[in-house]
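# sequence first, predicted coordinates after that:
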Amino acid sequence: MLRCAGSRVARLLSSRDASGDFGIATGMELEELEAQKKGLKRFDLDPPRGPFGTKDEPAIVESAFDERIVGCSGGVGDDEHDVVWFKLKKDENYECPVCTQVFQLKVVGEGGLPGAHH
Ligand SMILES: [Zn+2]
């Protein structure tokens, strides 16, 4: 599928100039591939479900470590926005710059930093 898209872009580029939406679409695909290469699997990083987090009652995100990557996709329906990824740290609440939802990391288990086991 990616190969098809690539050859279509190549044909377009050979017959027309290089500007246009195809360049943008290709860039996004590449970005996604890069993320996959780094081991970011979307199904492991689903945005948290539940009530919208506020400063008084942050959305709780559980983690086995002292920090983890969290994605925010806003609220439901009209409040939804493109997922924003950020690193949430223990004792450091994070406010989404897009929808102002507040997240708090809850360490379950021993904590520590990911990859610190060697
Ligand atoms: Zn958000």
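Ah, there it is.

# can you give me the strands for this protein?
Secondary structure of the chain by DSSP state E: the strands cover 59-63, 67-74, 80-89, 94-95, 102-107.

# of all the ones you listed, which lies closest to the ion?
Shortest distance between the ion and the strands of the chain, using C-beta to the ion, is found for strand 67-74: 3.4 Å. In this view, the C-beta of every residue, glycine as well, is placed from N, C-alpha and C.

# partners of that closest one in the sheet?
The pairing partners recorded for strand 67-74 under DSSP bridges are strand 80-89 (antiparallel).

# is the strand it pairs with in proximity to the ion?
No. Taking C-beta under 5 Å from the ion as the criterion, strand 80-89 and the ion are apart, separated by no less than 5.7 Å.

# residues making contact with that strand?
When contacts are taken as C-beta atoms under 8 Å, 6 or more residues apart in numbering, the neighbours of strand 80-89 outside the stretch itself are 45, 47, 61, 63, 66-74, 94, 96-99, 103-105.

# any buried residues in it, and which?
Buried positions in strand 80-89, judged by neighbour count with 16 or more other C-beta atoms under 10 Å: 84, 88.

# what residues does this structure put near the ion?
With C-beta under 5 Å from the ion as the criterion, the chain comes near the ion at residues 72, 74, 96, 98, 99, 101.

# from the residues you listed, which would you call buried?
With burial judged by 16+ other C-beta under 10 Å, the buried subset of the residues of the chain next to the ion is 72, 74, 96, 99, 101.

# returning to what we had before: can you tell me which of the contacts of strand 80-89 are buried?
The neighbour-count criterion (16+ other C-beta under 10 Å) marks 47, 61, 63, 66-68, 70-74, 94, 96, 99, 103-105 among these as buried.
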